[in-house]
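Participant: Return atomic coordinates for the entry below.
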Amino acid sequence: MDAIISLAKRRGFVYPGSDVYGGLANSWDYGPLGAELRRNIKEAWWWRFVQKRDDVVGIETALIMNPKVWQASGHLATFSDPLVECKKCHARYRADQLEGACPSCGGKEFSEARQFNLMFKTFIGPAEEAANVAYLRPETAQGMFVNVKNVLDSNRVKLPFGIAQIGKAFRNEITPGNFIFRTREFEQMEIEYFIRPPANDEEWQNVFEHWRNEMHAWMRDVGIDAARVSEFEVPAEDRAHYSKRTIDFMFAFPFGVKELYGLAYRTDFDLKNHMEQSGKDLSYLDPETNERTVPHCVEPTWGVDRTLLAVLLSAYTEEGEGDDARVVLKLKPALAPFKAAVFPLLKNKPELVAKAKEVRSQLMDGDPRLLPIAWDDRGNIGKRYLAQDEIGTPACITVDFQTLEDDTVTIRDRDTKEQRRVAVADLPSVLGEFLAR
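Facilitator: I've put the predicted structure just below:
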């Protein structure tokens, strides 16, 4: 973790939040490379699970919703963690994650555990009174549940179908930590997949299994190390109040095996509760049988921040020794912040610099899938290669004196360090081959 955190800050993936003011505990900002990697993860997810599928539509819903939503969903009553306070230093911790002594002062006497609601409370309008209380959403799911009728009325969707969303959620975690793994502000990629009320367990289990396989396929696609992934069948007493079955996909982080993703069968809990509380009909009218039913729901959930962390940990590689030592992020090329880098062999030769800028400009004006393209003329060529390896750039393109003669360049493979000559005109297709890996 120390190596990843150091790399993340030094190269502009993740910065401590509010850094110039000494930071804010467990608050993180994404730098230029982190913002690109994060965006690439979200776009890959959206393409795979929304744009590529005929049975899933995407929406974006508000961060602040009517408080009645959280009453109907059970969050006001049950969305809490057990909190204890050290009697010596008054630090507060989650009771289920505390081992023996107080981490702050070593004290061993604690208060009785009490439930602490994790939702951030705010107020709508100028008056801070009970009638104006609202909450920052602690999950994206409810925004999809309360829009089921709108989606059915405005789109020609039939069961089974899914509603997908990428968005921020907020939880006032008692003990966040482990870099970007557990934070109070985070982003989710989530699908509520609606099915007919199952006639038996096999029907919903088949859908559950489909999404289980899809989640494993996604992890392979983004380069998450399968050897570090395991599944945990959450026992009934530990499942969320709405779930009939939950699987946690666990990842072996340096700080322990922790939850990466989740998959839950939420039955018809949410839609029934919202129908009862709102008085609105959220049922589905089957166009073939003319029968109304309340759909059940299977929910696969991915965290953007945890995905990014697992991707970095899976890609981080130290190779060689001595002068041959290097750190390389073996990111999937499609996720890499830069798809390629262009260098002039020598920055003090105007003709090489001009030609290199021309090559880069041609690439920048071409296929948008090949963007962005980095420019680097600092130091010698070897140091530039190492710098691009460290941030995961799949290919490095060097313009040299031969380029001026025959319009070919050297292209270097990040993973193998192999180099070959390529015609400038062929660069888009060659880079396309890199991105397809």
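Participant: Quick one: the strands in the stretch 51-200 of the chain, in order.
Facilitator: Assigned strands in the stretch 51-200 of the chain, in chain order: 56-58, 80-85, 92-94, 114-117, 121-123, 133-135, 161-170, 185-195 (criterion: DSSP state E, counting those that start in this stretch).
Participant: Repeat that for the stretch 251-400 of the chain.
Facilitator: 256-267, 284-285, 292-293, 296-303, 316-319, 326-329, 340-344, 373-375, 395-399.
Participant: In a markdown table, list the strands of the stretch 51-200 of the chain along with mean pLDDT, mean neighbour count and distance to residue 415.
Facilitator: In short, each C-beta sits where N, CA and C put it, glycine included. A markdown table is the format used below for the strands of the stretch 51-200 of the chain (pLDDT from 0 to 100; neighbours: other C-beta atoms under 10 Å; distance: least, C-beta to C-beta, whole Å):
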| stretch | mean pLDDT | mean neighbour count | distance to residue 415 |
| --- | --- | --- | --- |
| strand 56-58 | 97 | 17 | 33 |
| strand 80-85 | 79 | 18 | 43 |
| strand 92-94 | 80 | 17 | 41 |
| strand 114-117 | 77 | 15 | 47 |
| strand 121-123 | 90 | 12 | 48 |
| strand 133-135 | 91 | 17 | 46 |
| strand 161-170 | 97 | 20 | 30 |
| strand 185-195 | 97 | 22 | 27 |
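Participant: Can you lay out those strands as a markdown table showing distance to residue 429?
Facilitator: Output for these, formatted as a markdown table (distance: least, C-beta to C-beta, whole Å):
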| stretch | distance to residue 429 |
| --- | --- |
| strand 56-58 | 31 |
| strand 80-85 | 53 |
| strand 92-94 | 53 |
| strand 114-117 | 56 |
| strand 121-123 | 52 |
| strand 133-135 | 51 |
| strand 161-170 | 32 |
| strand 185-195 | 31 |
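Participant: Of these, which is nearest residue 35?
Facilitator: Proximity to residue 35 (C-beta to C-beta) singles out strand 185-195 among the strands of the stretch 51-200 of the chain, at 12.1 Å.
Participant: List the contacts of the closest residue to residue 304 other than its chain neighbours.
Facilitator: The shortest distance from residue 304 to any non-neighbouring residue, by C-beta to C-beta, 6 or more residues apart in numbering, is to residue 187 (4.0 Å). Residue 187 makes contacts with 42, 166-169, 303-305, as judged by C-beta atoms under 8 Å, 6 or more residues apart in numbering.
Participant: rerun at 10 Å
Facilitator: Contacts for residue 187 were tallied using C-beta atoms under 10 Å, 6 or more residues apart in numbering; they are 38, 41-42, 140, 166-169, 302-308.
Participant: Restricted to buried residues, select the residues you listed in ChimeraX.
Facilitator: In ChimeraX, this line selects whichever of the contacts of residue 187 come out buried by 16 or more other C-beta atoms under 10 Å:
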select :38,41,42,140,166,167,169,302,303,304,305,306,307,308
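Participant: Tell me which two of the contacts of residue 187 sit farthest apart.
Facilitator: Taking C-beta to C-beta, no two of the contacts of residue 187 sit farther apart than 140 and 308, at 17.4 Å.
Participant: got a list of what the residue lying closest to residue 228 once chain neighbours are set aside touches?
Facilitator: Distance criterion C-beta to C-beta, 6+ apart; nearest residue to residue 228, sequence neighbours excluded, is residue 252 at 4.0 Å. Contact partners of residue 252, counting by C-beta under 10 Å, 6+ apart, are 225, 227-230, 258, 260, 310, 313.
Participant: Now flag whichever of these is closest to residue 104.
Facilitator: Checking these against residue 104 with C-beta to C-beta, the nearest one is residue 258 at 22.3 Å.
Participant: That closest one against residue 251, yeah?
Facilitator: Yes: here residue 258 reaches residue 251: they are 6.6 Å apart, a contact under C-beta atoms under 10 Å.
Participant: Common neighbours of these two, please.
Facilitator: With contacts defined as C-beta under 10 Å, 6+ apart, the residues adjacent to both residue 258 and residue 251 are 181, 306, 310.
Participant: Quickly name whichever of those is closest to residue 92.
Facilitator: residue 181 (19.7 Å).
Participant: phi, psi of that closest one?
Facilitator: Main-chain torsions, residue 181, degrees, to the nearest 10: phi -70, psi -50.
Participant: what residues are up against it?
Facilitator: By C-beta under 10 Å, 6+ apart, residue 181 lies in contact with 1, 26, 251, 253, 255-256, 258-260, 303, 305-306, 309-310.
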